[in-house]
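return a 3D structure for these sequence lines:
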Amino acid sequence: MLAPVASASFENDLERIEILAATPVTSTALLVRNLSAIYERAAKARFADYDVAAVAKAAPALMYRLFDLRVALRGQLAHYEMLGLMTPEVAQSFRDVFRVLRYVSDMLGEIASGHPLAEGSYPLRGFTGRDHNTLINYAYYRNSAALAFQSGDVVLVRGQAHNSAAIARIGDVDSQFSHIGIIHIDDAGEHSMVESLIEDGAIINPLAKALEHGIVRAVLYRNRDRELAARAAKCIFDYVAASRSKGGKRILYDFSMCADDGSRNLFCSKLVRLAYQQASDGKYILPAYPTRILMKNRDFIDRVGVATELTFAPADIDMEPGFDLVAEWQDYRETANIRLQDFTMDKIFDWMDRYNYHFEETAAIRLVSVLGMFASYFSDSAKDMLSSAFPRVPRNMPRKTVAVVAMLHKTAEPIYHELQQLNQDSVAETGLPMHGLEILAALEKIREREGNRIGYLVRHRLLGKQAA
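Okay, the predicted model is just below:
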């Protein structure tokens, strides 16, 4: 473990990280060591140790250096595969580095923009904004006024809801993404997003609408085989369009998360997988590095309906060697909030595993889940009208799943609001958002204060003894 960084110059420390990333390696041990060193330096760096005014001034350039660093690291994946170095430990180390560098870049954006989401204002649409919200790969025309999409591009996103944080953290990888879709551009130039949503199943939305759907982070990936990508988009567009046409059979959301079980139902990543599988006659199978679902406490997993230990999670595309990272967008007015959600969900799942907490239904939750199931038989317009009162759920979503999603939300919400206040206090007092270590410490204090019941989580005894 490296000592905490205490430097007057963030740029000097970033340069050390860049040197580590560019250092050639010939063994798995050396690669893991370098990636771990990058992670430790980035994770333990505190902006309070730097000249904050100087950091804020240099933030746009620093954000691009961090972005270019991730682009360069991703560019080495195929090389390391060729050398036989891409073990599970190496893949995990890459994921950890990508995640922590995104968080550092987010905090730079927050410091530089200097303004939270004002009351009454609306989130930005994906790939818009004037505060260096969109970072573009130099190979894809960084100085272009408009970002040009291509048919077959894949968009990875993160929403604002607590269930988005749960989806992002449900596997063995602490990811920052909850959804993925594929872009289709028709002969008339109409841009669409083909995606599978929990509420609607497989659906085709105008791209602009999809990028306005309450997202905070979006990343654009492009397959290096343009013809394959275009075929993939056309295959899945036609398939989903047929299911939504008159007389077609709707494709429902797949809660099992099984990527290859032969079921017609699709979750978001499975839809992208099917697109490229169909376009390649079964030769191109995503992902190269799947996510494992290894929670020891299966209570939440079982209630959600997950029926696999190996899946294609949205963030797995981040490790796909055949895709280039074209552009990355984030709304810096909201990135602190989803970071707090991420850490909250990390701790909730950790508490479930470590201390044997389980969700416990009440009569009120049972009523909400039953009403949610009843509302699922209404028309789409009626569902939209009632969404503020009842959960907007699909017909194939089990009642126990509706209940556990409601309990998760109601458990996480007060914790999140408490962290929000602490973060606002930190910004007001120091000009800096809370460091990750501070967030984790605050969460542990909440657990200690709440004891055996945290919202709808109740601590159970293990083998006749209270969990340690």
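
residue 434 falls within a strand, correct?
No - read with DSSP: H, G, I helix; E, B strand; the rest coil, residue 434 is coil and lies in no strand.

phi first, then psi, for it.
Backbone torsions of residue 434, given as degrees, to the nearest 10, read phi -60, psi 140.

would you agree it is in contact with residue 428?
No - the criterion here is CB atoms under 8 Å, and residue 434 misses it with residue 428 at 11.9 Å. For every residue, glycine as well, the C-beta is placed using N, CA and C.

which of these two has more neighbours?
residue 434 (23 against 8; other CB atoms under 10 Å).

check which helix or strand residue 155 maps to.
Secondary structure assignment for residue 155, by DSSP states H and E: strand 154-159.

identify the residues contacting that strand?
126, 164, 168, 176-183, 193, 210-211, 213-223, 272, 314-315, 317-318, 323, 338 (CB atoms under 8 Å, 6 or more residues apart in numbering).

which is the succeeding secondary structure element to it?
Taking DSSP H and E, what comes next after strand 154-159 is helix 162-169.

distance from the chain centre to that next one, please.
Offset of helix 162-169 from its chain centre (CA atoms, centre = their mean, to the nearest Å): 7 Å.

mind giving me the packing neighbours of the helix or strand following it?
Next helix or strand after helix 162-169 toward the C-terminus (DSSP H and E): strand 179-185. Applying 3 or more CB pairs under 8 Å, 6 or more residues apart in numbering; DSSP states H and E, we find strand 179-185 packed against strand 154-159, strand 191-197, helix 226-244, helix 268-279.

show me the strands in this protein, by range?
134-136, 154-159, 179-185, 191-197, 201-206, 215-223, 291-292, 310-311, 323-330, 357-359, 453-454, 457-459, 461-462, 465-466 (DSSP state E).

save the ones you listed as CSV, and put in distance to residue 78, mean neighbour count and mean pLDDT too.
Output for the strands of the chain, formatted as CSV (distance: least, CB to CB, whole Å; neighbours: other CB atoms under 10 Å; pLDDT from 0 to 100):
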stretch, distance to residue 78, mean neighbour count, mean pLDDT
strand 134-136, 22, 21, 93
strand 154-159, 18, 26, 94
strand 179-185, 21, 25, 97
strand 191-197, 27, 22, 97
strand 201-206, 31, 20, 96
strand 215-223, 13, 24, 96
strand 291-292, 20, 20, 92
strand 310-311, 23, 19, 92
strand 323-330, 11, 23, 96
strand 357-359, 42, 21, 93
strand 453-454, 44, 16, 96
strand 457-459, 43, 19, 94
strand 461-462, 45, 10, 60
strand 465-466, 50, 9, 43
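
nearest to residue 247, out of these?
Within the strands of the chain, the stretch nearest residue 247 is strand 201-206; the backing value is 16.1 Å (CB to CB).

so what's the residue nearest to residue 181 when sequence neighbours are not counted up against?
Excluding its sequence neighbours, the residue lying closest to residue 181 (CB to CB, 6 or more residues apart in numbering) is residue 195, at 3.4 Å. Contacts of residue 195 were listed using CB under 8 Å, 6+ apart, and they are 179, 180, 181, 182, 202, 203, 205, 210, 268, 271.

what does residue 293 give?
So residue 293 contacts 170, 171, 172, 257, 301, 306, 308, 309, 310, 311 (CB under 8 Å, 6+ apart).

next, give phi and psi for the nearest residue in space to residue 264 that is not next to it in sequence.
Nearest residue to residue 264 in three dimensions, chain neighbours excluded: residue 251, at 6.2 Å (CB to CB, 6+ apart). Here is the backbone geometry of residue 251 (degrees, to the nearest 10): phi -100, psi 110.

ok, the closest residue to residue 415 other than its chain neighbours to residue 419 distance?
Closest residue in space to residue 415, ignoring its immediate chain neighbours: residue 344 at 5.3 Å, by CB to CB, 6+ apart. In this view, residue 344 and residue 419 are 7 Å apart by CB to CB, to the nearest Å.

what sits in contact with each of those two?
Common contact partners of residue 344 and residue 419 (CB under 8 Å, 6+ apart): residue 443.

and the nearest residue to residue 396 once chain neighbours are set aside, what does it touch?
Distance criterion CB to CB, 6+ apart; nearest residue to residue 396, sequence neighbours excluded, is residue 252 at 4.8 Å. Neighbour list for residue 252: 201, 202, 265, 266, 394, 395, 396 [criterion: CB under 8 Å, 6+ apart].

point out where this structure drops to low pLDDT.
Where the chain drops to pLDDT under 70, the residues are 1-8, 115-122, 142-146, 165, 168, 375-393, 461-468.
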